[in-house]
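S.K.: sequence and predicted structure, then a few things I'm wondering about:
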Amino acid sequence: MAEMRLQRFLAQAGVASRRKAEELIVAGRVKVNGRVVSELGSKVDPDADKVFLGGKRLLVERPVYLMLNKPRGYVTTMSDPEGRPTVRHFLGRAGARVFPVGRLDFNTEGLLICTNDGDLAHALMHPKHEVKKSYHVKLQGVVARDTVSSWQKGVTLDDGTRTAPAEVMHLEP
């Protein structure tokens, strides 16, 4: 494995996000090969250097990629303050710290990609990459033309964010 920035190493070791890892480094809580490293941008070789946090040696997790067919009745998160069942139920046996990429609603079933690879997750989710997603929706009744038109233009969600324009096709049952 090639050299990488220390904050990325900490994130891939499952310690914290890169931003939180930067705080740990600046605070002088990280040691590399027995020496405190507090300078951002420091690099480590995961195969040769020994990295410690709080006296515990850290190792980079190897990338794990899973496909999960999320059933209805589960929240796409690792913990839910409302106590609903989460996809953690299915991912606990993955043998690594993985998380879902994106999300599907509680009453939605379908493919979720789950990984510990933050770079892949970012590439798939960030709008600038324009990764297409497909949804097959079964509706009751007839959908008004103006509703379909609004989906095609993009809609504003309850949290205020706006979706990208959607391609809408009518599929016969």
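M.R.: In hand now; what should we look at? Please read these numbers as outputs of a predicted model, since none were measured by experiment.
S.K.: quick one: end-to-end length of stretch 103-117, please.
M.R.: 16 Å (CA to CA, to the nearest Å).
S.K.: and the contacts of that stretch?
M.R.: By CB atoms under 8 Å, 6 or more residues apart in numbering, the surrounding residues in contact with stretch 103-117 are 12, 14, 61, 63-77, 84, 87, 91, 94, 96-102, 121, 124, 135. Using the backbone N, CA and C atoms, a C-beta is placed for each residue, glycine as well.
S.K.: PyMOL command to pick out the buried ones of the residues you listed?
M.R.: Buried subset of the contacts of stretch 103-117, written as a PyMOL selection, criterion 16 or more other CB atoms under 10 Å:
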select buried, resi 12+61+68+70+74+75+76+87+91+98+99+100+101+121
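S.K.: how far is stretch 14-32 from where the chain is centred?
M.R.: On the basis of CA atoms, centre = their mean, to the nearest Å, stretch 14-32 sits 20 Å off its chain's mean C-alpha point.
S.K.: which residues touch the residue sitting nearest the centre point of the chain?
M.R.: In the chain, the C-alpha closest to the average C-alpha coordinate belongs to Val101, at a distance of 4.0 Å (CA atoms, centre = their mean). The neighbourhood of Val101, defined by CB under 8 Å, 6+ apart, consists of 112-115, 120-121, 124-125.
S.K.: what is the nearest of those to Gly55?
M.R.: For Gly55, the closest of the contacts of Val101 turns out to be Thr115, at 29.1 Å, with distances computed as CB to CB.
S.K.: give me phi/psi at that closest one?
M.R.: The phi and psi torsions at Thr115 (degrees, to the nearest 10) take the values phi -160, psi 170.
S.K.: coming back round to it: and the residue nearest to the centre of the chain, how far is that from His122?
M.R.: 9 Å (CB to CB, to the nearest Å).
S.K.: the strand or helix carrying Leu112: how far from the chain's middle?
M.R.: With elements delineated by DSSP states H and E, Leu112 resides in strand 110-115, which encompasses its position. If you compare the mean C-alpha spot of strand 110-115 with that of the full chain, they lie 10 Å apart, counting by CA atoms, centre = their mean.
S.K.: from Ala48, how far off is the residue lying closest to Ser17 once chain neighbours are set aside?
M.R.: If you skip the residues right next to it in sequence, Ser17 has Ala11 as its closest partner in space, 6.1 Å away by CB to CB, 6 or more residues apart in numbering. In this structure, Ala11 and Ala48 are separated by 19 Å, where distance is defined by CB to CB.
S.K.: fine by me, we can end here.
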